[in-house]
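Q: just the structure for this:
(one chain, ligands or ions: 1)
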Amino acid sequence: MALLNILNYPDKRLHKIAKPVEAVNDRIRRLVSDMAETMYAAPGVGLAATQVDVHERVIVIDVSETHDELQAFINPEILWSSDEKKLSEEGCLSVPGIYDDVERAEKVRVRALNEKGETFELDCEGLLAVCIQHEMDHLMGRVFVEYLSSLKQTRIKSKMKKLAHAM
Ligand code: NI
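A: So this is what the prediction gives:
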């Protein structure tokens with residue numbers, strides 16, 4: 001296992017669109033395990049491959065309080081999303097220190113492959129629903145701050161640049 005470097009907003013590579021995984025093989029399983037290690041170390045509840053500069057459709061999530069319920073979603077698709085929307089506060093490992101409200105579908109049904117290459121479907125609500133939509137946005141090159149006002153986005157960009165210089 002290895003810790004991977006997480007790209008920080010506004011890195012342009014965060015806007016790349018991820019390609020579908022062609023085969024769930026040992027390379028993908030290693031990616032999943034390295035992404036999980038990176039997510040737990042951060043610490044965070046979700047990570048998309050885009051954030052570690054791998055542009056393939058892979059997500060890891062663990063929203064459990066005990067941090068022992070890792071879920072990998074390979075080639076995830078949203079099959080259904082509720083008309084009901086919900087506003088909740090989000091953060092992102094690629095935008096450290098920034099938290100703001102984003103509106104998303106309250107419930108979603110997702111289909112994906114697991115690390116064995118098996119298809120599964122999952123009904124998600126609460127934090128898991130927020131997290132899966134947030135991470136799937138990453139795979140499409142979208143960062144949550146892009147839902148905020150342009151004024152806020154400008155402020156966040158300048159804050160991130162200052163932070164990058166300080167490091
Ligand atoms: Ni994120």
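
Q: going by C-alpha atoms from here, please, whenever you check contacts or count neighbours.
A: Will do.

Q: who's in contact with the residue most central in space within the chain?
A: Residue closest to the average C-alpha location in the chain (CA atoms, centre = their mean): Glu135, at 2.6 Å. Applying CA atoms under 8 Å, 6 or more residues apart in numbering, we find Glu135 in contact with Gly46, Leu47, Ala48, Ile59.

Q: ok, Glu146 next?
A: Glu146 touches Gln153, counting by CA under 8 Å, 6+ apart.

Q: again, only using 10 Å
A: Val102, Lys152, Gln153 (CA atoms under 10 Å, 6 or more residues apart in numbering).

Q: is it correct that the last one is in contact with Val145?
A: Just to be clear, that refers to Gln153. Yes - using CA atoms under 10 Å, Gln153 makes contact with Val145 at a distance of 6.3 Å.

Q: those two: which is more packed in?
A: The neighbour count for Gln153 versus Val145, taken as other CA atoms under 10 Å, is higher for Val145 (24 against 15).

Q: hang on, the more buried one is in a helix, isn't it?
A: Yes - Val145: assigned to a helix according to DSSP: H, G, I helix; E, B strand; the rest coil.

Q: which residues in the chain form helices?
A: Here the chain has its helices, by DSSP state H, at 26-41, 126-139, 150-166.

Q: surely Leu47 is in contact with Ser33?
A: No - using CA under 10 Å, Leu47 makes no contact with Ser33, being 11.5 Å away.

Q: shared neighbours of these two, anything?
A: In terms of CA under 10 Å, 6+ apart, Leu47 and Ser33 are both contacted by the residues Met39, Val60, Ala72.

Q: state which strand of the protein is the longest.
A: The single longest strand within the chain, with elements called by DSSP state E, is strand 71-81.

Q: paired strands for that strand, with orientation please.
A: Sheet pairing of strand 71-81 (DSSP bridges) gives strand 58-61 (antiparallel), strand 107-113 (antiparallel).
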